[in-house]
Structures are given as structure tokens and as C-alpha cells.
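>>> Pasted the sequence and its predicted model underneath.
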Amino acid sequence: APAGQAGQYNSAFALVKQLALAVGPAVGGPLAASLPAPYVVTFLLFSLGISVLAVRLGRRLTLAQDQPWLASKSVVVARGGAAAESVSA
């Protein structure tokens, strides 16, 4: 996410995930029960479309985005409230 927009990206992801969990079974269940052949075709078409989209968007990633372990420096996004001091027991 661009600097300063991590919260917006996280909330958008959470919204999409919750909508998929709510709408998917509500639409897919009755469709699979009443029309199994169109359900399978719809499932395959959506899966193919998502795969094509993932490959196309994956090509736009930079090397650091695609393989972050190869990046030379790490960026800390958030740190807890405790100071970064060693604590002796």
C-alpha cells in the first residue's frame, strides 16, 4: 500500500472478504441445488477470470513487491507501544 494508505487497503480487503463470505453461500447454495450444470459453468468461468486477472496484475508488480524477501531493506509498518529496549528478567 502507498504510504499513509495501509488502513484504507486493509479495510477494503476486509469488506471484500466479508461480502464474499455473506453473498457467496447465499447465491451459490440455491444455484447449486436447483441448477447444478449452470453452477459448475459459472464457477469455472469465475475461476478462469480471476486467474487471468491475477496473472495480468502480477506482471505489474515490481521485484520488491513480488519477492519481498529479496528487498535490501525492511520497512516496519507498525510497532507496539513498548519502546525498543531490552528487558531484563
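Arrived safely, thanks for sending. Numbering: from 1, shown residues only.
>>> Could you check how far the strand or helix carrying residue 22 is from the centre of its chain?
Per DSSP states H and E: residue 22 is located in helix 6-34. Chain-centre distance of helix 6-34: 12 Å, with Cα atoms, centre = their mean, to the nearest Å.
>>> Tell me the first helix or strand C-terminal of it.
Past helix 6-34, the next helix or strand by DSSP H and E is helix 36-58.
>>> Can you name every helix or strand that that next one contacts?
Contact analysis of helix 36-58 by 3 or more Cβ pairs under 8 Å, 6 or more residues apart in numbering; DSSP states H and E lists helix 6-34 as its packing neighbours. All C-beta atoms are positioned from the backbone trio N, CA, C, and that covers glycine.
>>> now the helix it packs on against helix 36-58, angle please.
Angle of helix 6-34 versus helix 36-58, following axes from the mean of the first three to the mean of the last three Cα atoms, to 10 degrees, is 160 degrees.
>>> name the helices or strands packed onto helix 6-34?
Helix 6-34 packs on helix 36-58, going by 3+ Cβ pairs under 8 Å, 6+ apart.
>>> May I see the buried residues of the helix it packs on?
residue 39 (16 or more other Cβ atoms under 10 Å).
>>> Give me the distance between the two termini of stretch 26-42.
15 Å (Cα to Cα, to the nearest Å).
>>> what's that stretch in contact with?
The contact list for stretch 26-42 (Cβ atoms under 8 Å, 6 or more residues apart in numbering) is empty.
>>> 10 Å - rerun?
With Cβ atoms under 10 Å, 6 or more residues apart in numbering as the test, stretch 26-42 has contacts from 25, 43.
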